[in-house]
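J.: Fold the following for me, if possible:
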Amino acid sequence: MAPPKATINDEHSAPDLEIAGSQLKIHPSGFTGGPEAQHEQITERNLVSHMARFRENPLDFLREVSLYMSGTGWRAYDDPIGQPVFYPGFSERMKSSILSSTMLQEKVRELASGRLTVEEKEGLIAINEGKTVDEKRARRRHDIESSLWEVVNTMMDNMICKMESKTFIRTAYYMCTQLLTRAYHQGIHVSSEEVLRLRSVAEAAAKKKQSIVFLPCHKSHVDYVSLQIICYRLGIGLPIIVAGDNLNIPVLGPFLQHAGAMWIRRSFGNDPLYQTVVQAYIDTLLQEGFNFECFIEGGRSRTGKLLSPKFGILNFIVDSVLSGRVEDTIICPVSTQYDKVIETESYISELLGQPKQKENLADFISSSSVLSLKLGRVDIRFHEPWSLREFLGQQITRLNMADLKPNEKLAQAERGRILRTLGYRVLSEINDVSVMMPTALVGTVLLTLRGRGVGKAELVRRLDWLCGRVRAKGGRVAHFYRSPTETVVDRALDVLGPKLVGTIAGLAEPTYYAVDRFQLSFYRNMLIHLFITEALVSVAMYTKIKQGGGPTNQRIEYEALKNQVFFLSQLFRGEFIFPPEGLTTNLEKTLQGLVDDNVIHITRDGSGTPQYVELSEAERLCGRENYDFYCFLIWPFIEASWLCAVSLLGLTPSLDGPKENWVDVKKAQDSAQLLGKTLYHQGDLSYFEAVNKETLKNSYQRFEEEGIILVAKVKDSKAGPTLKLAPEWAPKRDPNTGKVLPHGRLWDFTELIAQSRREGKNRRDGATVSSRVLTMSDIVGRQLFYNATAPEAADVSSKQMRRKAIGTDSKL
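T.: Residues are numbered from 1 along each chain as shown. The predicted model follows:
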């Protein structure tokens with residue numbers, strides 16, 4: 001009998017859920033992962049079934065529409081778990097509750113008093129004949145308060161969700177499911193263990209009149225649609241979704257508002273009344289026990305990996321509980337993963353410097369011809385929910401503030417620490433339950449192999465290896481009905497399409513190569529968090545390995561390795577979500593894991609203290625393919641940080657110019673991107689991904705925290721923040737030539753990053769590299785300064801600068 005084909009499904013976890021009609025059925029899991037014993041059989045089931053289409057089967061289509069419109073069976077959504085929604089008068093009831101908020105009433109009185117005081121000082125309150133001063137003040141106060149309440153009413157009309165019709169929500173569910181099953185033809189997948197647990201938590205919360213606050217990651221507009229569909233399908237009260245008012249556009253805006261969206265401004269500015277209305281609304285929702293959803297990252301991730309947490313809405317939720325206005329609420333982190341994200345092409349345009357397009361209905365519906373796409377599947381996983389009250393109690397105890405009274409406010413610093421801990425805990429738990437999709441696995445393998453392309457057999461072999469590493473790290477791997485790995489690879493390649501992965505025909509075996517590495521990196525970044533510590537250790541070792549020579553010459557002293565790993569960890573602390581155990585513990589665990597995997601060897605002294613770290617003999621014999629994998633994961637980010645540091649060298653004040661060179665932050669980042677594109681095409685930058693706008697932005701943020709650059713922000717100004725090099729970091733210029741000298745604190749910092757950069761392929765290395773890069777950085781920096789002082793000439797001189805950068809006088 002022939003041996004079975006290799007598969008990536010040898011281990012299985014908790015079963016999936018099939019919802020057929022009103023019946024809930026248990027099936028084996030939609031992912032494999034973890035070291036524990038797992039189920040033997042796999043029968044994948046989809047949460048949503050394919051829907052009839054009019055052209056293919058008009059009778060079934062009309063029958064299906066009739067069932068949805070009449071609310072037959074589960075489609076009626078008659079008795080969801082949670083508080084009553086979708087009835088006439090729901091919006092007016094919410095408004096009344098918000099208006100009765102003591103906090104809001106006090107804020108209106110406070111603002112009215114403040115305005116009244118200003119008018120009195122300016123002599124604007126005249127005493128009419130027959131009226132006393134007190135009467136005039138009372139009348140004016142009443143007028144001001146009435147005006148403020150009118151403003152509040154307008155704010156509420158624009159803000160609050162208007163879930164008032166079951167017929168509407170049934171129609172919306174049908175339409176959205178039609179769209180999703182056409183675009184994501186392999187459906188929406190969940191784990192039965194997780195959704196049954198969620199139903200149980202929802203039932204308990206409903207009895208206590210507590211809200212479940214869903215905190216999903218955010219990669220696509222599909223995120224909130226798919227979560228609403230799941231809650232509807234499971235009979236759980238639909239969450240009210242916090243959404244930016246940039247989506248409140250004609251037709252789409254009212255539709256989403258009636259389906260559960262609450263609109264908030266992208267920036268509150270200096271508007272205390274608006275802030276209080278938002279707080280009062282969130283208080284009301286949580287007091288009444290309505291489920292709630294907001295995205296922990298704020299906006300959508302354009303890079304594929306999790307962004308740093310945003311604390312705006314979290315701050316409101318925490319304040320509701322800390323103040324005692326809300327007894328407790330339940331936190332539920334949610335991971336949403338895609339085979340392919342609809343918006344990636346627009347993301348790449350933005351990351352390469354194109355302005356973000358304003359939202360409009362046509363683009364929203366027809367993104368890349370959404371109705372005809374075959375984008376694979378969506379996997380949604382729910383972390384075990386937990387009590388926010390208990391979490392806050394633990395944090396307050398840790399801060400030695402256990403005697404804090406219910407109405408006593410935390411100091412700003414303590415509150416900030418609690419919010420950061422909360423945000424990063426949620427992100428860590430999202431990573432814990434995330435499922436690695438086949439497209440992410442294939443994309444990662446293609447971007448972490450040397451050479452122009454990879455054969456089918458090698459691609460399958462490396463995918464099997466990667467799946468094993470993901471599971472060993474506690475991650476989860478999506479599967480397809482226990483299909484052979486080769487079949488899974490074919491399906492992933494089919495979803496990615498020829499614009500991302502090309503095929504070379506007419507060879508001894510099918511050979512694949514990355515066509516669009518920039519866009520493919522989005523999918524690689526979905527799993528980079530699993531291996532970030534191994535990647536940092538590997539590029540720290542690379543500082544010696546790249547020197548070549550024999551094994552002895554490539555070994556690195558343990559202390560040198562530790563110092564470089566700690567430096568890089570600090571450099572990327574705003575870029576990646578690290579394991580919570582701390583740097584020292586993470587390093588020890590990572591080194592031991594690499595030893596166990598036979599990637600590295602550690603030489604210890606008689607007391608067991610590490611002395612040297614080097615590649616193992618087995619890793620050398622296999623062409624260091626596993627070690628290289630970890631390096632390839634992190635090298636684009638090393639390049640981006642190096643590029644950012646190099647761009648700062650160009651901000652060195654000129655000899656004959658002003659010493660205070662403040663420039664617009666956004667323009668400085670745009671100049672860094674222009675510098676990166678130039679260096680890439682001239683051979684001094686290995687990865688085009690390094691010009692990624694989001695990564696450069698994160699590097700600038702990190703350099704600000706380090707004190708390398710100083711950032712000035714003008715409150716209540718439309719002008720953006722400006723920056724300059726901190727004086728102690730600024731390099732010197734040659735007094736004779738005016739050139740930036742490759743010395744000083746910033747140069748040493750740049751060189752420390754450069755030690756872990758990839759050498760060789762696609763980059764010209766040599767003695768002239770520092771002078772070439774410094775010269776180009778200086779050219780870009782001078783242009784930036786010129787634009788800042790003479791903006792009216794910016795367009796013409798920018799063209800001149802670019803001609804000089806590419807070494808031609810031809811017109812652009």
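J.: residue boundaries of the helices in the stretch 501-650 of the chain?
T.: For the stretch 501-650 of the chain, the helices defined by DSSP state H, counting those that start in this stretch cover 517-524, 532-545, 551-554, 558-571, 583-596, 617-621, 625-649.
J.: and Thr722, which of those helices is closest to it?
T.: Checking those against Thr722 by C-beta to C-beta gives helix 625-649 as the closest, at 14.3 Å. Yep, even glycine has a C-beta here, placed from its N, CA and C like the rest.
J.: And the closest one, what's buried?
T.: Neighbour-count burial for helix 625-649 flags 626-649 (criterion: 16 or more other C-beta atoms under 10 Å).
J.: Could you pull up the mean pLDDT of stretch 304-311?
T.: In this model, stretch 304-311 has an average pLDDT of 92.
J.: mind saving the C-alpha coords of that stretch as CSV?
T.: Extracted in CSV, the C-alpha atoms of stretch 304-311 (Å, rounded to 0.1, in the frame of the first residue of the first chain):
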residue,chain,number,x,y,z
GLY,A,304,-1.3,42.6,8.0
LYS,A,305,0.0,42.5,11.5
LEU,A,306,-1.6,44.0,14.6
LEU,A,307,-1.1,47.7,15.2
SER,A,308,-0.4,49.2,18.6
PRO,A,309,-3.6,49.6,20.7
LYS,A,310,-5.6,52.9,20.6
PHE,A,311,-7.0,54.0,23.9
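J.: chain center to that stretch, what's the gap?
T.: 4 Å (C-alpha atoms, centre = their mean, to the nearest Å).
J.: Ok, stretch 239-250 next?
T.: That offset, for stretch 239-250, works out to 18 Å (C-alpha atoms, centre = their mean).
J.: Identify the residues contacting it?
T.: 158, 161, 163, 212, 214, 224, 227-228, 231, 253, 256-257, 260-266, 285, 290-295, 299, 313, 358-361 (C-beta atoms under 8 Å, 6 or more residues apart in numbering).
J.: Pull out the CA atoms of it and give them to me as CSV.
T.: Extracted C-alpha coordinates of stretch 239-250, given in CSV (Å, rounded to 0.1, in the frame of the first residue of the first chain):
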residue,chain,number,x,y,z
PRO,A,239,-23.3,44.6,19.1
ILE,A,240,-23.4,48.4,18.6
ILE,A,241,-20.3,49.1,16.6
VAL,A,242,-18.1,52.1,17.0
ALA,A,243,-17.4,53.4,13.5
GLY,A,244,-15.6,56.5,12.1
ASP,A,245,-17.9,59.0,10.6
ASN,A,246,-15.8,58.9,7.4
LEU,A,247,-18.1,55.9,6.5
ASN,A,248,-21.2,58.0,7.1
ILE,A,249,-21.7,58.6,3.4
PRO,A,250,-25.0,58.8,1.5
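J.: How many neighbouring residues does Lys499 have?
T.: 11 (other C-beta atoms under 10 Å).
J.: mind listing what it touches?
T.: Per C-beta under 8 Å, 6+ apart, neighbours of Lys499: 515-516, 519.
J.: if you set the cut-off to 10 Å instead, what comes out?
T.: By C-beta atoms under 10 Å, 6 or more residues apart in numbering, the contact set of Lys499 is 345, 515-516, 519-520.
J.: among those, who's most crowded?
T.: The most crowded member of the contacts of Lys499, judged by other C-beta under 10 Å, is Leu520 (25 neighbours).
J.: rewinding a little: between the helices of the stretch 501-650 of the chain, which one is closest to Gly187.
T.: Of the helices of the stretch 501-650 of the chain, nearest to Gly187 by C-beta to C-beta is helix 517-524, at 19.3 Å.
J.: Which strands and helices lie in contact with the closest one?
T.: helix 344-351, helix 438-447, helix 485-496, strand 511-514, helix 625-649 (3 or more C-beta pairs under 10 Å, 6 or more residues apart in numbering; DSSP states H and E).
J.: Just the mean pLDDT for the longest one, thanks.
T.: Yep, that's helix 625-649 we're talking about. Here the average pLDDT along helix 625-649 is 95.
J.: Tell me what angle it forms with helix 532-545.
T.: Relative orientation of helix 625-649 and helix 532-545, computed by axes from the mean of the first three to the mean of the last three C-alpha atoms, to 10 degrees: 80 degrees.
J.: Would you pull up how far helix 625-649 lies from the middle of the chain?
T.: Worked out by C-alpha atoms, centre = their mean, helix 625-649 lies 20 Å from the chain centre.
J.: what's the answer for stretch 109-123, then?
T.: Distance of stretch 109-123 from the chain centroid (C-alpha atoms, centre = their mean) equals 44 Å.
J.: What residues of that stretch count as buried?
T.: 111-112, 115-116.
J.: Quick check: of the residues you listed, which lies closest to Gln279?
T.: Using C-beta to C-beta, the buried residues of stretch 109-123 come closest to Gln279 at Leu111, 14.6 Å.
J.: Can you name the residues in contact with the strand or helix carrying that closest one?
T.: Element membership of Leu111, judged by DSSP states H and E, is helix 102-121. Here helix 102-121 makes contact (C-beta under 10 Å, 6+ apart) with 98-99, 101, 124-125, 133, 136-138, 140-149, 151-152, 272-273, 275-277, 279-281, 283-284, 319, 323, 325.
J.: and the angle from the helix or strand just after it to helix 102-121?
T.: Counting by DSSP H and E, the next helix or strand C-terminal to helix 102-121 is helix 133-159. Here the directions of helix 133-159 and helix 102-121 differ by 130 degrees (the same axes, to 10 degrees).
J.: buried residues in the next helix or strand after helix 133-159?
T.: Downstream of helix 133-159, the next assigned helix or strand under DSSP H and E is helix 166-183. By neighbour count with 16+ other C-beta under 10 Å, helix 166-183 contains the buried residues 166, 169-170, 172-174, 176-183.
J.: can you check stretch 204-212 too?
T.: Per 16+ other C-beta under 10 Å, stretch 204-212 contains these buried residues: 205-206, 210-212.
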